[in-house]
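J.: 3D model of this:
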Amino acid sequence: MAWVGAPNHLFDQAFERKTVWRQSLICSGHQRCFGKSRQNRDSPSTGPWVIHMQSRQVLVLALLCASTLLVSCGGGGTSSPSVGPTPESVNGPAWWGLGRDAQHSAQGAIATQALGRIRWQAPVDLAPEYSGGDLLIHYGSPVITARNTVLIPVKTGASNGFRFEARAGATGILLWSANSDYILPAHRWTPSYNLALTQDNRLYAPGAGGKVYYRDDADSGVGTVQTSVFYGSASYAATPAQFDSTVYINTPLTADSAGNLFFGFIVTGANPAGLTSGIARIGNNGTGTWVAASAAAGDPAISKVAMNSAPALSADRGTLYVAVNTAPAPGTRQSGYLLALDSTTLATRKAVRLNDPKTGVASWIDDNASSSPTVGPDGDVYYGVLESNPPGHNFRGWLLHFDATLAQSKTAGSFGWDITASVLPASMVPGYTGNSTYLLMTKYNNYGGTGSGDGKNRVAVLDPHQSQADFISGNPVMKEILTILGPTPDPRYPDAVIEWCINTAAVDPLTRSILVNSEDGYLYRWNMQTNLLSERIQLTGGLGAAYTPTAIGPDGAVYAIANATLFSVGR
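T.: Numbers count the residues shown, from 1 in each chain. Below you'll find the model as predicted:
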């Protein structure tokens, strides 16, 4: 979704405009035109296919049908033995968590299958709550084992209630499931519930009171779900209700390649362990440590780790990168820091203020976003923020860019709102002539009706080490290597198109393509060789939603989330 919530009325007015439009739009099942090859911002192709605009009643009926399907597709229960066959014989690259790895590169290691059909689908929310026809809920990424067990975080109630499910990658059949007592922290847009898989195939899931559940051998139909508590299991066991009501995990879990686990947590009241909001580490031996967010930042105004922002690690596992911010409050915009911590001791190595590169003052680090740090192959760190003066940059924000130590600020990207940049080898783009060994992919929406936004919404591949003038502010920004417009017209603005709906996009170096969701209800393959949307498949009728991830299974299947449902797509 283009617009966030608190603190000011600009967002609410924009949200109302978007809601009215969404209620009048439904996309037909006919094939739509793919984007023409384009290096710059030009008009969308009309192509040989037709967009059919149906009535509001048709959309409501479609949503009701989708809701009925979601309710009837359930499955699950408490921790249970296998109710399906053993996973098929696959041994390929796993997808361990958000953005695949602890650097959040989102880079796959197997050729993806053609987007030929929906192989299976399963709900990720049994009670989705719509806001004026939009779905303002961030859903956690699936994690997928090397043997092709797909592990899905599932929301089971309207406000709380969660479980995690294991499904066979080939068929979607339920293998096992376990309930979690996880409780959401206070929020406006619903935060994500995320799982993490270690390279030893241990699955972690958040629970209440800051504890985590874990299950060894995630592929096995039989297993015991155990718990680990970063401040001590004995402390939790002595007064569990007190911890459950005051301590909340508020970020995705990140596991490094050695099996150490990292996450942020919020504390809302007094507790026997003396916890305050901060960053937790659970070592691969079960030993827990933590540090307060305000202490790590060296700033008492800092309240917590930014909501939905997964910690990231350097490739050598030595440095932990975490975004922290101030508390949300009416009439204010949250600000914050990016921290570089020692990943073993959680001691602060560097804290850098997240400032707007145009205005030089604090960027907006909003809790409705899911931006997480990305670490490039050269160690550079990227983090998406909103501009300090919205809509001064059309609510696009900036992709801030730092060296590995955070001591040097580098050229920012021209889009940062609710995006975790994906990393692609520069060799994926045949025409690239620069010196960088890797490029970045981000959303590049230019939201209509906000500032000078024209609704010509794109995705972009950027060179982080070359610059050009920003087309809005004139500021130096990362150079655009490829951009492509969405293919579906938005009738509200001349030549506008429906926005891209992605917060981390799976990159497939073997087919030289990137897998991207759109709010038009389709999953697209963006081909880097031709700069065309070379494949697509319809998942839903289209819906305004909080941005969603894509992922790749060890058999090359592609996974995408739309309208509270996980879709497995392939041959």
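J.: so the residue nearest the centre of the chain is in which element?
T.: Residue closest to the average C-alpha location in the chain (CA atoms, centre = their mean): residue 503, at 4.2 Å. Using DSSP states H and E, residue 503 sits in strand 502-504.
J.: neighbouring contacts of that strand?
T.: 98-99, 104, 106, 138, 141, 370-372, 418-420, 422, 443, 459, 516-517, 546-550 (CB atoms under 8 Å, 6 or more residues apart in numbering). No exception for glycine: its C-beta is placed from N, CA and C like everyone else's.
J.: please verify my assumption that residue 216 contacts residue 201.
T.: Yes: using CB atoms under 8 Å, residue 216 is in contact with residue 201, at 7.3 Å.
J.: comparing these two, which residue is more hemmed in?
T.: The neighbour comparison of residue 216 against residue 201 (other CB atoms under 10 Å) goes to residue 201, with 18 against 14.
J.: now do that one against residue 151, distance only.
T.: Distance check for residue 201 against residue 151: by CB to CB, to the nearest Å, it reads 10 Å.
J.: shared neighbours, these two?
T.: Between them, residue 201 and residue 151 share these contacting residues under CB under 8 Å, 6+ apart: 145, 218.
J.: can you count the residues close to residue 361?
T.: Residue 361, neighbours per other CB under 10 Å, totals 12.
J.: name the nearest residue to it, ignoring sequence neighbours.
T.: Nearest residue to residue 361, sequence neighbours excluded (CB to CB, 6 or more residues apart in numbering): residue 388, at 4.9 Å.
J.: would you quantify the distance from the one you found to residue 519?
T.: 27 Å.
J.: ok, these two, which is more surrounded?
T.: residue 519 (31 against 22).
J.: any weak-confidence spans in the stretch 51-200 of the chain?
T.: Applying pLDDT under 70 to the stretch 51-200 of the chain flags residues 51-88.
J.: where exactly do the helices run in it?
T.: Ranges of helices within the stretch 51-200 of the chain are 56-72, based on DSSP state H, counting those that start in this stretch.
J.: can you check the chain too?
T.: Under the criterion DSSP state H, the chain contains helices at 9-22, 56-72, 233-238, 240-244, 293-297.
J.: okay, now residue 360: neighbour count?
T.: There are 8 residues near residue 360, going by other CB under 10 Å.
J.: and the gap between it and residue 354?
T.: Note on residue 360: its distance to residue 354, by CB to CB, is 12 Å.
J.: what bits of this protein have low per-residue confidence?
T.: Looking at the chain by pLDDT under 70, you get 1-88.
J.: which strand runs longest in the chain?
T.: Of all the segments of type strand in the chain, defined by DSSP state E, the longest one is strand 458-469.
J.: neighbouring strands of it in the sheet, and parallel or not?
T.: strand 438-444 (antiparallel), strand 476-485 (antiparallel) (DSSP bridges).
J.: who's in contact with the closest residue in space to residue 458 that isn't next to it in sequence?
T.: Ranked by CB to CB, 6+ apart and with sequence neighbours excluded, the top spatial neighbour of residue 458 is residue 444, at 4.0 Å. Neighbouring residues of residue 444 by CB under 8 Å, 6+ apart: 396, 414, 415, 457, 458, 459, 460, 483, 500.
J.: which one of these has the most neighbours?
T.: Result: residue 396 is most packed of those (other CB under 10 Å), 31 neighbours.
J.: quick one: residue 301 and residue 329 touch, right?
T.: No: assessed by CB under 8 Å, residue 301 is found out of contact with residue 329, at 11.2 Å.
J.: if we can go back for a sec, chain center to the strand holding residue 503, what's the gap?
T.: Distance of strand 502-504 from its chain centroid, counting by CA atoms, centre = their mean, to the nearest Å, is 5 Å.
J.: OK, contacts around residue 135?
T.: 128, 129, 543, 544, 545, 546, 563, 564.
J.: how close does it sit to residue 159?
T.: Counting by CB to CB, the gap from residue 135 to residue 159 is 15 Å.
J.: show me what contacts the residue nearest to residue 202 when sequence neighbours are not counted?
T.: Leaving aside its sequence neighbours, residue 202 sits nearest to residue 216 (CB to CB, 6+ apart; 5.2 Å). By CB under 8 Å, 6+ apart, the residues touching residue 216 are 200, 201, 202, 223, 224.
J.: repeat that for 10 Å
T.: Neighbour list for residue 216: 198, 200, 201, 202, 203, 223, 224, 225, 226 [criterion: CB atoms under 10 Å, 6 or more residues apart in numbering].
J.: okay if I get those residues as CSV plus distance to residue 124?
T.: Output for those, formatted as CSV (distance: CB to CB, whole Å):
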residue, distance to residue 124
198, 22
200, 26
201, 22
202, 22
203, 16
223, 22
224, 25
225, 20
226, 24
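J.: which one of the residues you listed is nearest residue 403?
T.: Nearest to residue 403 among these is residue 198, at 28.7 Å by CB to CB.
J.: neighbours of that closest one, how many?
T.: When neighbours are counted by other CB under 10 Å, residue 198 comes out with 22.
J.: for it, give its distance to residue 190.
T.: 27 Å.
J.: try residue 425
T.: Distance, residue 425 to residue 190, by CB to CB: 35 Å.
J.: could you check which of the two has the larger neighbour count?
T.: Just comparing residue 425 and residue 190: by other CB under 10 Å the higher neighbour count belongs to residue 190, 21 against 17.
J.: these two touch, right, the more buried one and residue 157?
T.: No: using CB atoms under 10 Å as the test, residue 190 is too far from residue 157 to be in contact (11.3 Å).
J.: give me the common contacts of those two.
T.: By CB under 10 Å, 6+ apart, the residues touching both residue 190 and residue 157 are 125, 129.
J.: mind listing what residue 233 touches?
T.: Residues counted as contacts of residue 233 (CB under 10 Å, 6+ apart) are 211, 226, 227, 286, 288.
J.: from these, keep the buried residues only.
T.: 211, 288 (16 or more other CB atoms under 10 Å).
J.: with distance to residue 491 added, can I get the contacts of residue 233 in TSV?
T.: Shown next, in TSV, are the contacts of residue 233 (distance: CB to CB, whole Å):
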residue	distance to residue 491
211	49
226	54
227	52
286	56
288	54
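J.: tell me where the stretch 351-500 of the chain has strands.
T.: 374-375, 381-385, 398-402, 409-413, 422-425, 438-444, 458-469, 476-485 (DSSP state E, counting those that start in this stretch).
J.: for the second one, output the C-alpha coordinates as PDB.
T.: So the one you mean is strand 381-385. Output in PDB follows, covering the C-alpha atoms of strand 381-385 (Å, rounded to 0.1, in the frame of the first residue of the first chain):
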ATOM      1  CA  VAL A 381      24.300  -1.700   4.100                       C
ATOM      2  CA  TYR A 382      20.900  -0.400   2.700                       C
ATOM      3  CA  TYR A 383      17.800   0.600   4.600                       C
ATOM      4  CA  GLY A 384      14.500   2.100   3.400                       C
ATOM      5  CA  VAL A 385      12.900   5.100   5.100                       C
END
